[in-house]
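Novice: What follows is a predicted structure for the sequence shown.
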Amino acid sequence: MPLTDPNRLFPTEPKLRDLARALHESIQNLPIISPHGHCDPRWFAENERFPNPAELFVIPDHYVFRMLVSQGVDMTELGVPRIDGGATETDPRKIWRLFAANYHLFRGTPSAMWLDHSFEHVFGLEVPLSAETADHYHDRIEACLAHDDFRPRALFDRFNIEVLATTESPLDDLKWHRRIHESGWNGRVITTYRPDDVVDPEFEGFARNVALLGELTGEDTSTWKGYLNAHRARRAYFREFGATATDHGHATARTENLSAIDAEALFQKALAGRCTAEEADAFRGQMLTEMARMSIEDGMTLQIHPGARRNHNREVFHRHGRDKGFDIPGRTDFVGALKPLLDAVGLERGLTVILFTLDETTYGRELAPLAGAYPCLKLGPPWWFFDSYEGIRRFREATTETCGFYNTVGFNDDTRAFCSIPARHDVARRSDCAYLATLVGTGRMRESEAFEVARDLAYGLVKDAYCL
Amino acid sequence: MPLTDPNRLFPTEPKLRDLARALHESIQNLPIISPHGHCDPRWFAENERFPNPAELFVIPDHYVFRMLVSQGVDMTELGVPRIDGGATETDPRKIWRLFAANYHLFRGTPSAMWLDHSFEHVFGLEVPLSAETADHYHDRIEACLAHDDFRPRALFDRFNIEVLATTESPLDDLKWHRRIHESGWNGRVITTYRPDDVVDPEFEGFARNVALLGELTGEDTSTWKGYLNAHRARRAYFREFGATATDHGHATARTENLSAIDAEALFQKALAGRCTAEEADAFRGQMLTEMARMSIEDGMTLQIHPGARRNHNREVFHRHGRDKGFDIPGRTDFVGALKPLLDAVGLERGLTVILFTLDETTYGRELAPLAGAYPCLKLGPPWWFFDSYEGIRRFREATTETCGFYNTVGFNDDTRAFCSIPARHDVARRSDCAYLATLVGTGRMRESEAFEVARDLAYGLVKDAYCL
Amino acid sequence: MPLTDPNRLFPTEPKLRDLARALHESIQNLPIISPHGHCDPRWFAENERFPNPAELFVIPDHYVFRMLVSQGVDMTELGVPRIDGGATETDPRKIWRLFAANYHLFRGTPSAMWLDHSFEHVFGLEVPLSAETADHYHDRIEACLAHDDFRPRALFDRFNIEVLATTESPLDDLKWHRRIHESGWNGRVITTYRPDDVVDPEFEGFARNVALLGELTGEDTSTWKGYLNAHRARRAYFREFGATATDHGHATARTENLSAIDAEALFQKALAGRCTAEEADAFRGQMLTEMARMSIEDGMTLQIHPGARRNHNREVFHRHGRDKGFDIPGRTDFVGALKPLLDAVGLERGLTVILFTLDETTYGRELAPLAGAYPCLKLGPPWWFFDSYEGIRRFREATTETCGFYNTVGFNDDTRAFCSIPARHDVARRSDCAYLATLVGTGRMRESEAFEVARDLAYGLVKDAYCL
């Protein structure tokens, strides 16, 4: 018996199930477009083997280790690196056993679906993971990883990835991307411009980062004009490495449209480290509008994904640093927050702004009404905690009736867990096919239309939205 | 093959489907009660033919043109009137072709269901609308519109409308309603009292409007007492033209219960144009309580539908004016906002206050708990973006368990798209039957009860709530 | 034909239904653990017969009488006690007839399911309740109540209750619990420490209550230190009567972590009645953190259930007092509100904090992400208005994917309606089995896992979370 049910995520009523399966069969072999993610470009530059099962599946994946932490396991027992110099577990087999013994915690979660899919389809495992099978799993995965077929580039090809975007800071020299380009490998790995560390006055080392941005670009980033020009230059540099999009992870969706004089004054305050929290938020908001203006100039797609209260626990942050599973969503406003940007550039036809949310209440109330009116706006797929069967279902049910399918942009995996990429796209494709089959079965769409839309959701829309 | 599936919106499990169909068959021929809408009474007064397909289906319907705008079509290409004097497309066939070529954008939306229903059931069309069939559609609809059978009164009869309410300002002379009355036609078209322009200090020309209200009623509307009396008089005038309800589209649900002295002072400030935004909001809130008190006197049902941030885009508003698809919902509070009104009159048994929302999070958290306690409160049907299969499902699922069916008021179509009225009521009736069948199928209601409730939802509750 | 459908709440698709039934059969005879409720311990101390049908089902149950009130019935007609000295109906048969005549109002509500379940399974009734059957019902229930088999302790045994927690103030002398203990009866009825009246500066008689707490414990509660020690002493006293948990019904989830000096100052202000609303809220927030610290010391589970705006209507509150169906939920924030407590003690492994909400938007956005990270946090079951089939479904769908099943704590009935306890647990168990069957049927869980999880949800998790 396989780890994954061939009919998983399809409706249970037999006719709907058959239609969902037919829809899925028509798209399941389409290449994967991954326009937004956090894989390490070094993997593809060096093409070294992945070190061990724990480092592949547990240590870097906050979806995974946070669940064990929530039940009393200490991050150090799982080998999660410390920034305070303390010791952590280093034996991958011990970490793996602890993970396996707690695998029941993931019942009913997308993590379990993704992991089981990877175990079965990437590593050929057939028995469920548990304390009893932990060593069998470890041995099998270890044995696979030693093969060349399991090196990053080989998996990239096997996963049928047409393009994979990583995410880098403007301060990154993109050396791994350069190495990929120079290697002659034909895999398409591109970068994304993510300037949080040089647009957020509250980011550690903001002024230093802005100065560094000046050095990298030859612009005088101590002036507002020079600072904007440095962004322009750096965006152009990123485009040389395939970038077609920028990405902005602010705490809120706030935008501003200040006069150049007011913006300059705020920028000087930010550089001097004298911004209040309110002023820092305003500056980030101003930069979203500036980025939108530059997107009109250079055609890059602008991604806004606000709403995470990052590093919620003080002790975890001090011990382990960022991105350790303690980022918690909060209420997010879009309607008021985006108005300055939308009044400035919202009707521009050459602009694409993709909105993500961690506050599902905004789907039907704010995001779909906005995307169903403004030409520049498109809705990103359900993100993070909502990248799941139920999350996708709620997203489609809450947005489609108001903004249709064509104001959405297909799927993003947004992951640093490389082996989960096919699994995540599989879940999204199946979930969308289930939704489409339900629309057809309830007379809300014609069958021929559903086949077209299924293909658009899996492949066409994402290529359009990200100019890929 | 028909454009619409005879089993549309029913559950897919065969037994549930059969029950839903039986429930629907028992109510599908009940007359339509439309207690809240925006049809033009002039249509029925003059009974002129509708001009052309574009003016019937595209130009006045912001549900329709906003979707094309969201994908880069300019409103002017669709013939949407400008208030800034600029040119717009005037050839109905060109507009129709542009609409038809983009009809795929509506896949999965209620607009598509309503349009297909109208195309098939009103105009006898059998092929799907597309760029290829655009001219066929245009010709067919044109040919129909030239027949007397397609004039407003004939369609009114054919649609089996028992009563249709329009919405007018207190400043309206109701001449079209008078013409309808005097015409001897037996269709029941009634008005509704919608005083936003004379109760909202921020409405364009508020002071002028209040003065005009004085002229129309012979009351001295420069005093608080005279102003209230003018409302009383004008409400009585509206009741002569069938009005049984008032309607209030404020940005928030805020209510106030000020002393007469404080209310007078605030009124004088409003007349003088010296209200802050906060004071204007307080004044609107006071007027809801005043309207509730008048409703106790004269028996009119009070409708509150807050939550739209109207005219969200500056440029669209300046170019095209109000109601152009850029009204975006926002978070709405009812629990705190309604307390002053509810403390004042909430336990009155002669009062009916119907609440609508664009913030679905309030269904289960605020509205159903309030309506399940206060005798005066009833819940309006899902409104605007939520007038849809999924919207109705979420509404029933989130409210029924807390306030039952009998604190809701049946369906409103709230439309200015006349031909969509049967389609909208059909979607609502089917969606409710689907929900009832599910309750029966899961042992939450007896079958005999479901037939009673189906009839109440389609016909009985709305007549009661609006005293029709 | 029985009043309740043997397949109620199971999925309608035949295979899923069979699996749900099998899951339910495997757990339906597990004993009931009721760790959080409002039954009167006096019932079990005295074991007197219940007085009459109206006092058993209508008068004390705000779920029931509020629905009739919402449709224009006066509380006095239903015999709801007045605190203003006015008269109320005293004839139980008249009250019962009024209830019966309005029973259709409950169609589709969990109240109807619970009542029908009690009518059938406790009192052997087989025809639906209505105006026509009102007297038959009254007579039958009366006849039963006269039997010893229907006394509280007999029903307790018949309901298969393993443990039942009541809720008392620290100022309660627990005499009924003492009587139960001394009686030699083997039913396990335990108390819960609910200190709202001595931790909320806005509670009627706060200073007096704190002084009384001092008298009861021999601590000097005029000092911060003595006040905290009095809590420690009283918690120990409650533990003598079985208490394993504390319970806190604040308006918000706000927590604070003040220095001892600031806390003392705030406490003195509170005692002196000089707290602003903001300071009172801060004091309540500080006390949650203090209670969490004491929980680490003594092992008691901490329950926080914020979000109700209690006594929403002034007139009802003045006439009838607290808990009369006019408590209305409001928006609730957890992410910011809990941070002080979580920074202080959130990573403690010996601490269990159970969160409840009346704001369902927090399930996926805040509560599941928090519970899926913090070791001390667990999610309580859907509460109050959401203790229902749809409420449970939404809870599972919105939380499981993010925090799994093992960060939840099974079911609470939270009721003062004793006869509804088996019905409520039955609804919860069936709803969970329906959800699990759906997960299996859509390939999201293995069947063997579903049987394990079903048992955990019905029995295992609640015993662990409440140390029972």
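Specialist: That came through fine. Residues are numbered from 1 along each chain as shown, chains lettered A, B, ... in the order given.

Novice: A:Ala265 - how many residues pack around it?
Specialist: For A:Ala265, the count of nearby residues is 14 (other C-beta atoms under 10 Å in any protein chain shown). Where C-beta positions appear, they are placed from N, C-alpha and C, glycine not excepted.

Novice: Check which helix or strand it maps to.
Specialist: Assigned by DSSP states H and E, A:Ala265 falls within helix A:260-271.

Novice: Same check on A:Leu212?
Specialist: For A:Leu212, the secondary-structure element it belongs to, assigned by DSSP H and E, is helix A:206-217.

Novice: what ranges do the helices span in the stretch 251-400 of chain A?
Specialist: Using DSSP state H, counting those that start in this stretch, the helices found in the stretch 251-400 of chain A span residues A:260-271, A:277-298, A:314-320, A:339-345, A:362, A:368-371, A:389-403.

Novice: quick check: angle from the helix holding A:Ala265 to helix A:277-298?
Specialist: Angle between the axes of helix A:260-271 and helix A:277-298 is 120 degrees (criterion: axes from the mean of the first three to the mean of the last three C-alpha atoms, to 10 degrees).

Novice: Show residues contacting the helix holding A:Leu212.
Specialist: Outside helix A:206-217, the residues within contact range by C-beta atoms under 8 Å, 6 or more residues apart in numbering or on different chains are A:170-171, A:173, A:197-198, A:200, A:203, A:219-222, A:226-227, A:229-231, A:233-234, A:237, A:270-273.

Novice: 6 Å instead, please
Specialist: Taking C-beta atoms under 6 Å, 6 or more residues apart in numbering or on different chains as the criterion, the residues outside helix A:206-217 that touch it are A:170-171, A:197-198, A:221, A:230, A:233-234, A:271.

Novice: In chain A, what residue comes closest to chain B?
Specialist: With C-beta to the nearest C-beta as the measure, the residue in chain A that lies nearest chain B is A:Gly443; the distance is 2.8 Å.

Novice: Need the three-state assignment for that residue.
Specialist: coil (DSSP: H, G, I helix; E, B strand; the rest coil).

Novice: Report the contact partners of it.
Specialist: Neighbour list for A:Gly443: B:5, B:8 [criterion: C-beta under 6 Å, 6+ apart].

Novice: swap the cut-off to 8 Å and go again
Specialist: Neighbour list for A:Gly443: B:4-9 [criterion: C-beta under 8 Å, 6+ apart].

Novice: Go ahead and build a PyMOL selection from the buried members of these.
Specialist: Applying 16 or more other C-beta atoms under 10 Å in any protein chain shown to those leaves a buried subset, and the PyMOL line that selects it is:
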select buried, chain B and resi 4+5+7+8+9
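
Novice: Redo the contacts of A:Gly443 as TSV? Include distance to chain C.
Specialist: As requested, the contacts of A:Gly443 are exported to TSV (distance: C-beta to the nearest C-beta, whole Å):
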residue	distance to chain C
B:Thr4	25
B:Asp5	20
B:Pro6	21
B:Asn7	16
B:Arg8	19
B:Leu9	16
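
Novice: out of the contacts of A:Gly443, which are inside helices?
Specialist: Within those, no residue falls in helices by DSSP state H.

Novice: Let me have the contacts of A:Gly443 in a markdown table, adding pLDDT as columns.
Specialist: As requested, the contacts of A:Gly443 are exported to a markdown table (pLDDT from 0 to 100):
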| residue | pLDDT |
| --- | --- |
| B:Thr4 | 96 |
| B:Asp5 | 96 |
| B:Pro6 | 96 |
| B:Asn7 | 97 |
| B:Arg8 | 98 |
| B:Leu9 | 98 |
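
Novice: Now render the contacts of A:Gly443 as a markdown table, adding distance to C:Glu360.
Specialist: Shown next, in a markdown table, are the contacts of A:Gly443 (distance: C-beta to C-beta, whole Å):
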| residue | distance to C:Glu360 |
| --- | --- |
| B:Thr4 | 34 |
| B:Asp5 | 33 |
| B:Pro6 | 36 |
| B:Asn7 | 32 |
| B:Arg8 | 29 |
| B:Leu9 | 25 |
